Every structure is written in C-alpha cells, then in structure tokens.
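Undergrad: Here's my sequence, what's the structure:
(one chain, ligands or ions: 2)
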Amino acid sequence: MKRIEHIGIAVKDLEAANKTYAAMMGAEPYKSETVDGEGVTTSFFKVGESKIELLAGTRPDSPISKFIEKRGEGIHHMAFYVDDIRAEIERLKKEGFRLLNEEPKPGADNKIVAFMHPKDANGVLVELCQEK
Ligand SMILES: C[C@@H](C(=O)O)C(=O)SCCNC(=O)CCNC(=O)[C@H](O)C(C)(C)COP(=O)(O)OP(=O)(O)OC[C@H]1O[C@@H](n2cnc3c(N)ncnc32)[C@H](O)[C@@H]1OP(=O)(O)O
Ligand SMILES: [Co+2]
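TA: Ligands and ions are numbered 1, 2, ... in the order given. Prediction:
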C-alpha cells in the first residue's frame, strides 16, 4: 500500500460540512461528485498528497445513511492507494481478509475501488483505490 489516498468522513449535510471544512482547512473543496453505485455525493479537499473526502448519502439504503443512523457523523473509512488493485485483492484474500467486493468498482475522482470488512481491521473500514 503506497500512501493514504483519503480519509472518508460521513456527514449529514454536505453543503454545511463543505463550509465547515473550508473554514478549518483554509481552502475550498476542489471537486464534488456523485457516485450512484455507492449512493453518495462526495467533496474533496487536498491535504498534501492525501485528501479529505466528505460523504453524504443520496438515499436511505446508502452505506453512509446507514452509518450515520447507527453511529452518527464521523470518520467512516480510510483509503489506501495501490498500484495494482487486483493483485492487492488477491494478496489480502490469501492473508485471510474478507473483501466486500472482489471485483473493483467505480469510485470517485477517477478511481476504481474495493472495500475490506471493518471487523477484519480492528473496526476500521478500509478502501483500496487505484487510478482508473
Ligand atoms: C465514493 C467512494 C470513493 O472513495 O471513491 C467511497 O468511499 S464510497 C463509501 C461508501 N461505500 C461503502 O462503504 C461500501 C462498503 N461498505 C459496506 O459494504 C457496508 O457499509 C459495510 C461496511 C459492510 C457495513 O454494512 P452493513 O449493512 O453490514 O451494516 P452493519 O451496520 O450491519 O455493519 C456490520 C458491523 O460493521 C460495523 N460498521 C459498519 N460500517 C462501519 C464503518 N464504516 N466503520 C467501522 N465499522 C463499521 C457496524 O457497526 C457493525 O458492527 P456491530 O455489529 O459491532 O455493530
Ligand atoms: Co472513499
């Protein structure tokens, strides 16, 4: 795993969170994007080589809506950049980690992504991402 690509934060109101994070970070989000497959609208702030990804659910069965309902707003996942996501999925499977999707799927910001079960990483939802 090469670097932390982004930290995902689940928020209820993306507009309001954009203002809060812009004030905190001293910069505007550089991109906002809806990923229909995940039921999320995202916005991104650059932090050096990494990013903060704010995520709001677009429908009640979105992972973000469910997370907020159960646990409230907060850090939702940590994403690692990998050069070869398919090789990394195979490596992790061999190590005994459960992948939530074994075939990479479309993510935001021009990436393909895969998720690992949070119970296999001490309660942290881990995302792998690779440039499309
Ligand atoms: C756009 C893209 C991108 O960056 O490009 C994204 O990030 S999309 C980001 C949104 N997409 C995703 O998250 C996709 C992957 N996520 C999923 O498949 C799901 O959300 C799961 C992680 C499997 C959880 O869904 P499920 O319906 O099973 O919910 P659940 O409430 O029964 O969860 C099972 C257990 O995992 C815990 N759990 C749930 N979500 C968690 C999270 N984010 N971090 C840590 N633990 C979490 C619950 O509290 C529960 O534990 P207890 O039983 O102990 O209470
Ligand atoms: Co993410």
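Undergrad: Residues of this protein that sit close to ligand 1?
TA: 8, 35, 38, 40, 42, 53, 55, 63-64, 66-67, 70, 76-77, 79, 100, 107-108, 111, 113, 115, 118, 123, 125, 127 (CB under 6 Å from any ligand atom). Every residue, glycine included, has its C-beta placed from N, CA and C.
Undergrad: In helices, which of these fall?
TA: Counting by DSSP state H, the part of the residues of the chain next to ligand 1 found in helices is 63, 64, 66, 67, 70.
Undergrad: measure the spatially closest residue to residue 49 that is not a sequence neighbour to residue 74 for me?
TA: Leaving out its chain neighbours, the residue that sits closest to residue 49 by CB to CB, 6 or more residues apart in numbering is residue 3, at 5.8 Å. In this view, residue 3 and residue 74 are 22 Å apart by CB to CB, to the nearest Å.
Undergrad: cool, and residue 51?
TA: 17 Å.
Undergrad: ok, the two, which is more surrounded?
TA: residue 51 (22 against 10; other CB atoms under 10 Å).
Undergrad: The more buried one: what's it in contact with?
TA: By CB atoms under 8 Å, 6 or more residues apart in numbering, the contact list for residue 51 reads 5, 6, 7, 44, 45, 109.
Undergrad: go with 10 Å
TA: 4-8, 29-31, 42-45, 79, 108-109 (CB atoms under 10 Å, 6 or more residues apart in numbering).
Undergrad: what's the answer for residue 127, then?
TA: Residue 127 neighbours (CB under 10 Å, 6+ apart): 5-8, 53, 76-81, 100, 107, 111, 113-116.
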